[in-house]
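1. Just a sequence and a predicted model for now, questions to come.
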Amino acid sequence: MSVRAGGFVLAGVLCLVGCGHARVGLSPEALTRLDATPGGYLAGPVEGFDTQPSVLNRKDFVWALDFAPRGGRVAYTRLGGTAYHVSVWDLDVGARKPGDAPVPAPVMLTDPQVNAQQYDLEGVTFSPDGALVATVSRSGAVQLFDAATGEQKGALATEEPLVSVAFHPDGRWLAVGSAQGLVTVLSVPGLAFGAESRLHTGPVSALAFAADGTLYSGGWDGHVRTSDTPEQSLRPDVARTHFERRGGFAAVQGSVNGGAPVVLALDSRSPVVVLTTAAATASGIDVAFLKDTVTVPGALGNTVARLARGQTLRFKALALTGMDVAVCDACVPQGSQGVLGSPFSDRVDVVFDETTAEAVLTLKGGAPEGTPAVMARGLTPKADFTFPAHVNDVTVDARGQRLGVAFSEEKAERNLKVYERERKGLEDPQGPWNAAALVDAGSGKVLRKWAVHHGVVSSAAISPDGRSLASGGWDKTVQLFTEAEPLPKGTLEFGWSVRRVRFAPDGRQVGVAAWTPQKVTGNQESDPAALVVGVRYAAPGVEARGAAAVPTAVEAQ
């Protein structure tokens, strides 16, 4: 990899893990102002990258990366030998005052395994206080980890593959985006259902919250949508859930006693609700100790099944308490883990929405009297910005006034056509919408667009002050732009596709996630796959979140 700045190529300057990384490019006065300003960030035109990045990973496919809003940490998701992990690094270990000896290299805090290698781990984000890391997977799982220890703090299996995630600014809610266009709001740390809306057709490629709670979502459908997330009372008597046709039955997903999701066939002819032994055990039912029994009719005659009384069935916000559940493997149709019989249909109306493949479940007679109100974050679509290209990434500046958006004229799908071009060494084409752009967050107007990359622009990170942009692409480069300049102010070159680029919350650094050509011999190290690099400013000012945008210029070194 090389670093280009001001038209010069500075090769061979990368710092391996273990080298010191001084806080370069800023005068002591600028650092003092920044450190003394709560929530402060640098403002002004960028002029390039520092020439000594800190490389965190040289071995893996790194998919996603995020900085902690506070705490000087960075996390990335990586594909190891047999599984995906989330790696959390401390960037501020041993930090000293300006003018002291160089700061020691970043230190890995934790690296927990998240899921098997067949499920891409495409989303990672920190909680606002930096204490938690959330990941989402194409397995449909949302997981929360302690950022310091790697201890799992929460897990939920959802109905659809997940590809994007963002924390609400209050830290108590989390938005997740699916590969099928659904955006869901979940509580933290319980991961209880709050709200959902199918905002896109196809993958929700990006989610980003502004400081006021406005949610920006981007999709391959060419849309960036804005949604309000007001606090509101959650309706406990209605739920929309995905359904499929299996073995002649409609099947929905639910949970029993808060356990893992189970696939339940709808069959009002059955006189009982039924679970398989495995599903009952996973739901916390100790089958061996059940004393009561019930006779369940089936195709091959009657079966005497053990009965668990007083269980709770949950479908998102809708809960059915006091349900008796029979445990019978022979009573469940193939492809399902249970049956919702007449005790369910007596209490719940089901209407099928074939256009969205969702079943709408409604309690007959509404919620029971005295059911306590549950407050949750809602999801109310507000504005829709349409573009003539696929949207691959969306970020928002500190004031919520501008967006950084990554576009591509082809979908960001790694298919045979893409691999053949790479194998032959063919360069993807440039195009007016293979671009990174600054976009007005209120109107959706493109304020400045740079069509410098060849092919897919996978990521676009807006600077906190909204005046600069770092973009990454499948052309193996990261480009650094500032709004008044038509050409990049700096370029980083990688060994393979760049997946994610992010500005640090104070604007001082940029983090990059990339794939690297993998090696199975020697120390297995290859080109950089995860790194943090400093950003130089011409005459940086310091601004505070929530304050008026009046930068105070301080002299750079």
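-> Nice, thanks for sending it over.
2. Please parse this structure into its domains.
-> 1-52+399-557, 238-370 (automatic domain parsing).
3. Out of the ones you listed, indicate the one that is most buried.
-> When you average the neighbours per residue for each of the domains of the chain (mean count of other C-beta atoms under 10 Å), domain 1-52+399-557 leads with a mean of 19. For every residue, glycine as well, the C-beta is placed using N, CA and C.
4. hmm, back to that, in CSV, list the domains of the chain along with mean pLDDT and distance to T149.
-> CSV is the format used below for the domains of the chain (pLDDT from 0 to 100; distance: least, C-beta to C-beta, whole Å):
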stretch, mean pLDDT, distance to T149
domain 1-52+399-557, 84, 21
domain 238-370, 91, 24
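5. Those domains: which one's closest to L182?
-> Comparing those by their distance to L182 (C-beta to C-beta), the top pick is domain 238-370, with 8.7 Å.
6. Which SSE is immediately downstream of the longest strand seen in the chain?
-> Taking DSSP state E as the criterion, the chain has its longest strand at strand 301-315. Following strand 301-315 in sequence order, the next helix or strand is strand 318-327 (DSSP states H and E).
7. how about the domains of the chain in JSON lines, adding distance to S227?
-> What follows is the domains of the chain, written out as JSON lines (distance: least, C-beta to C-beta, whole Å):
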{"stretch": "domain 1-52+399-557", "distance to S227": "13"}
{"stretch": "domain 238-370", "distance to S227": "17"}
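8. Kindly export stretch 407-416 (C-alpha atoms) in PDB.
-> Written as PDB, here are the backbone C-alpha positions of stretch 407-416 (Å, rounded to 0.1, in the frame of the first residue of the first chain):
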ATOM      1  CA  PHE A 407     -23.000   5.400  -5.200                       C
ATOM      2  CA  SER A 408     -22.400   2.800  -7.900                       C
ATOM      3  CA  GLU A 409     -23.900   2.300 -11.300                       C
ATOM      4  CA  GLU A 410     -23.900  -1.500 -10.800                       C
ATOM      5  CA  LYS A 411     -25.000  -3.200  -7.700                       C
ATOM      6  CA  ALA A 412     -22.200  -3.800  -5.200                       C
ATOM      7  CA  GLU A 413     -22.500  -7.600  -5.700                       C
ATOM      8  CA  ARG A 414     -19.400  -9.800  -6.100                       C
ATOM      9  CA  ASN A 415     -20.500 -12.000  -8.900                       C
ATOM     10  CA  LEU A 416     -18.600 -14.100 -11.600                       C
END
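9. Quick one: the strands in the stretch 301-450 of the chain, in order.
-> 301-315, 318-327, 338-340, 348-353, 358-363, 374-377, 380-386, 390-396, 402-408, 436-440, 446-450 (DSSP state E, counting those that start in this stretch).
10. Summarise which helices and strands the fourth one is packed against.
-> Yep, that's strand 348-353 we're talking about. In terms of contacts (3 or more C-beta pairs under 8 Å, 6 or more residues apart in numbering; DSSP states H and E), strand 348-353 is packed against strand 358-363.
11. Return the angle between stretch directions for the strand it packs on and strand 318-327.
-> Counting by axes from the mean of the first three to the mean of the last three C-alpha atoms, to 10 degrees, strand 358-363 lies at 90 degrees to strand 318-327.
12. Paired strands for strand 358-363, with orientation please.
-> Next to strand 358-363 in the sheet, as set by DSSP bridges, lie strand 238-246 (antiparallel), strand 348-353 (antiparallel).
13. Name the residues that touch the shortest one?
-> By C-beta atoms under 8 Å, 6 or more residues apart in numbering, the residues outside strand 348-353 that reach it are 240, 243, 250, 266, 318, 320, 358-364.
14. cutoff 7 Å now
-> For strand 348-353, the surrounding residues in contact (C-beta atoms under 7 Å, 6 or more residues apart in numbering) are 243, 250, 266, 359-364.
15. What does the pLDDT read for the spatially most central residue of the chain?
-> In the chain, the residue lying closest to the centroid (C-alpha atoms, centre = their mean) is V165, at 2.4 Å. For V165, the pLDDT comes out at 98.
16. What residues are bridge-paired with the residue lying farthest from the centre of the chain?
-> The centre of the chain is farthest from one residue, G301, which by C-alpha atoms, centre = their mean lies 49.1 Å away. Beta-bridge partners recorded for G301 (DSSP bridges): G298.
17. quick one: contacts for V62?
-> Contacts of V62 by C-beta under 7 Å, 6+ apart are 76-78, 499, 513-515, 529-530.
18. Tell me if it really is in a strand.
-> Yes - judged by DSSP: H, G, I helix; E, B strand; the rest coil, V62 forms part of a strand.
19. Please list all residues in contact with the closest residue to G258 other than its chain neighbours.
-> Residue nearest to G258 in three dimensions, not counting chain neighbours: R314, with 7.0 Å by C-beta to C-beta, 6 or more residues apart in numbering. Shown in contact with R314 (C-beta under 7 Å, 6+ apart): 254-255, 258.
20. which residues does R314 form a beta bridge with?
-> What pairs with R314, by the bridge criterion (DSSP bridges), is S255, A319.
21. Would you quantify the distance from it to V176?
-> 18 Å (C-beta to C-beta, to the nearest Å).
22. before we move on, back to that, nearest to R508, of the strands paired with strand 358-363?
-> So among the strands paired with strand 358-363, strand 238-246 is nearest, using C-beta to C-beta, at 43.2 Å.
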